[in-house]
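1. Coordinates only, no sequence provided:
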């Protein structure tokens, strides 16, 4: 049983064709450097906030680009919004 679980964890995640196409189209995504001027936000928060608000990407698309979990991206974005309010 343990070996089956361990083998499954080591398998690379397969992307569906729609996600593959999205990644191919957005392989080179340019980010403006002035988004990092806000010293209250971390670099990662700045990037996620920029992609969400300026490029109008959803959390799933951002997670594909940054190779992170969608829930993590959502949390980072919410933290950036909280910092903006303060």
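-> Structure's in. What do you need? Keep in mind the model is a prediction, meaning the values are calculated, not measured.

2. how close does residue 26 get to residue 57?
-> As for residue 26, its distance to residue 57 is 9 Å (criterion: CB to CB, to the nearest Å). (Each C-beta comes from the backbone N, C-alpha and C, glycine too.)

3. same question, residue 19
-> Distance of residue 19 to residue 57, given as CB to CB: 13 Å.

4. Have a look at those two and say which one is more surrounded.
-> Taking other CB atoms under 10 Å, residue 19 and residue 57 do not tie; residue 57 has more neighbours (20 against 14).

5. Burial check on residue 41, number of neighbours?
-> Neighbour count for residue 41, taken as other CB under 10 Å: 20.

6. OK, contacts around it?
-> By CB atoms under 8 Å, 6 or more residues apart in numbering, residue 41 lies in contact with 49, 80, 83.

7. Going by neighbour count, list what's buried in the helix or strand encompassing the last one.
-> Pointing back at residue 83 there. For residue 83, the host element (DSSP states H and E) is helix 70-85. Within helix 70-85, the residues that count as buried by 16 or more other CB atoms under 10 Å are 73, 76, 77, 79, 80.
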